[in-house]
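**Student:** Below: sequence and its predicted model.
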Amino acid sequence: MVNDSGILTVDIGTESLKVAEFSVSPNGTLALDQFFCRKWTIPDAGESDSGVSQSDLAAAAFRSLFNEIAESGHFTAKRARISLPANSAFLRLSKLPDALGNREAIDRIVEYEAQQAVPCAMSDVEWDYQLVHHRWKETVEDTLDDGTVETSEVDREEYEALFVAIKREQITLYTEAIEDAGFKVVSVTIAPAALFNAAKATMLADDDQCAILLNLGGKSSSLVIADHNRVFVRSIPIAGNAITMQIAKEFGVTTEEAEELKRRHGFVAWGGAYDEPESEMAATISKIARNVMTRLHGEISRSVNVWRAQHGGSQPTKLLLSGGASVMPSLNDFFHEKLRMPVEYLNTFGAISLGDSVDRNALQETAPSFQELIGLALHEVIDCPIALSLLPREIRAQQRLDRPRPYFILCAIVPIAGLVLDAEGMTKQRLFSENRVTQAQQKLDTAKRVEKFINRELRDCNNARADFERAEEWLKARSEWISILEDIQRISPDMLWITSIEGIENPDQPEAKSGDNRRNGMNVAQVAAQKEIRALRISGYALIYRKQRVYMDFRKKLSESKWVAVRQENGSPAADIRDIINSDMRDVGGSNTSAFKCVVVLKEPIRK
């Protein structure tokens, strides 16, 4: 069914988020208008120290990243299709018994199979299945009465069900963010299904071969076996990130540095005898890549054996590569050597055209990871082989409410029946609205917990900053004392001796007499007992015959010091030095010296 309103496709990978907008022409062809590819990591489940669950943190991170893309893109499409990674889903391919009778019987059988595959309650998951009708011809030999063997071909058929289930909370984490951004989610599926649809519409459209589709992502790889219209899907936890982790371990670097080394020097080492690269680092990385890819090859071989032994599938005859990690040099040669089959890169761009505004160079860099986006968009123009629907039940209920209802016609004929049906619709709408209110309240509670956590951390930060500034002031005061004492020592004349330096709070306070209980001026070691030192009381001696000149020289140098306060004296600025004793010529104890004492007011008080 062709839709001319355009579509937004969202492929959520384990390490990247890809978004593309397609428009649909009147003749039913798809055109790529714009695309975005951003780094993205899904946090692991669990509880953080702040009480905010990792799922809430993941939802907030995805919401922020998607809103950023939506603001940059200014998308005109209002409908969105989503694909989720296969490693988040429960997958099972089951054969169904013959002659089930009807779809209801098939639903019961598949639901029973689902209960066996899903390790949690079915009420906690969204699930769907794809019914595959498999027909083939089988050669039968009959022995006649005369002993001759007669061969004939008999038509055979069977039904298979590809079952997929994903936890509801993992789906709503993304659908709520996308709907809150103003888009209507019309489908949710898994990435391998979109990959299969894209391949069947392009490179495997007229191909009767059995092919392997291998998408190498960041944390996991998706293997899809496309056998005519049959499909087998498996998620393998070996991909590009496994190479990165081994490089980080080998060279003792961070994962970011290891990723850069892989991009710069990485390739898959060749088998057998060959000349190693000149760079020892490149040789080591190539061997790491080969070891990881060898493990992946083992899983591919085991998957093919399961496909053939348990499901009677055909032997694959070629391999189609896709995904961001598939661009590593020599990877196609490695799989060609190991699987002994042709290896090609999956190219589904033949199903679309490129708009004039599309950056071709940027698209070429992300082209290997673009196949799922095209597979999602193809639902707008063709009936795809796999049409799984993992929409949350709330969205499905809303979609049912949005569709035209047959009872609207009956309301015009039978008013009573119309009122009853209308009441039923309003009840469903009310229940749906109440459910949305509950979800909104849960989001609000989560936001309040996050806000409380942020406020607590901010308060702790402010307290730590205040402690740091207080300690910084103390260190500054200690250095000021050292600077003042060094300056006094520097300017003191040779004929002058300082006997005491006392820190006082009030420059005008009288000197306490000996034996007085009041606090005397304190020396430098006692400054900590005061709150603030505003002046210094300096006492000392000078030789008698040179006393006046020696002291006045000392006083002049004091007045020129940068730490001495300035006051107005006779209309002119002068150093604030107050002499207590400056002209006593009496001999002190017959030592041919005279005493001096002065109070020097500090320009900046020194705090405790």
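**Tutor:** In hand now; what should we look at?
**Student:** Run the chain-centre distance for the helix or strand in which residue 250 is found.
**Tutor:** Per DSSP states H and E: residue 250 is located in helix 240-251. Here helix 240-251 is found 20 Å from its chain centre; the criterion is C-alpha atoms, centre = their mean, to the nearest Å.
**Student:** Repeat that for stretch 461-481.
**Tutor:** Distance, centroid of stretch 461-481 to centroid of chain: 38 Å (C-alpha atoms, centre = their mean).
**Student:** ok so, going back, tilt between the helix or strand just after the helix holding residue 250 and helix 240-251?
**Tutor:** Going down the chain from helix 240-251, the next helix or strand is helix 255-265, by DSSP H and E. Inter-element angle recorded for helix 255-265 and helix 240-251: 100 degrees (by axes from the mean of the first three to the mean of the last three C-alpha atoms, to 10 degrees).
**Student:** Now do the following helix or strand past helix 255-265: which elements does it pack against?
**Tutor:** Scanning forward in sequence from helix 255-265 by DSSP H and E, the next helix or strand is helix 280-311. Packing partners of helix 280-311 (3 or more C-beta pairs under 8 Å, 6 or more residues apart in numbering; DSSP states H and E): strand 210-216, strand 221-227, strand 230-236, helix 240-251, helix 255-265, helix 331-339. All C-beta spots, glycine's among them, are computed from the backbone N, C-alpha and C.
**Student:** at 6 Å what do you get?
**Tutor:** strand 230-236, helix 240-251, helix 255-265 (3 or more C-beta pairs under 6 Å, 6 or more residues apart in numbering; DSSP states H and E).
**Student:** what about residue 452, how many residues close to it?
**Tutor:** Neighbour count of residue 452, defined by other C-beta atoms under 10 Å: 13.
**Student:** Give me the phi and psi for residue 509.
**Tutor:** The phi/psi pair for residue 509 (degrees, to the nearest 10) reads phi -70, psi 140.
**Student:** check contacts around it.
**Tutor:** Applying C-beta atoms under 6 Å, 6 or more residues apart in numbering to residue 509 gives no contacts.
**Student:** what does residue 17 give?
**Tutor:** Contacts for residue 17 (C-beta under 6 Å, 6+ apart) come out as 38, 40, 65.
**Student:** Within its sheet, name the partner strands of the helix or strand hosting it and how each one runs.
**Tutor:** Using DSSP H and E, residue 17 sits within strand 16-24. Strand pairing for strand 16-24, using DSSP bridges, gives strand 7-12 (antiparallel), strand 30-39 (antiparallel).
**Student:** State the mean pLDDT of it.
**Tutor:** Across strand 16-24, pLDDT averages out at 93.
**Student:** Please enumerate the helices of this structure.
**Tutor:** With DSSP state H as the criterion, the chain has helices at 54-73, 103-117, 168-180, 191-201, 240-251, 255-265, 280-311, 331-339, 360-366, 371-377, 393-402, 407-413, 415-491, 547-559.
**Student:** and the third one with strand 16-24, angle?
**Tutor:** With the same axes, to 10 degrees defining the directions, helix 168-180 sits at 50 degrees from strand 16-24.
**Student:** how far out from the middle of the chain is helix 168-180?
**Tutor:** With C-alpha atoms, centre = their mean, you get 16 Å for helix 168-180.
**Student:** How about the first one?
**Tutor:** Going by C-alpha atoms, centre = their mean, the spacing between the C-alpha centre of helix 54-73 and its chain's C-alpha centre is 9 Å.
**Student:** Next, the buried residues of it.
**Tutor:** Across helix 54-73, burial judged by 16 or more other C-beta atoms under 10 Å covers 55-60, 62-63, 65-66, 69-70, 73.
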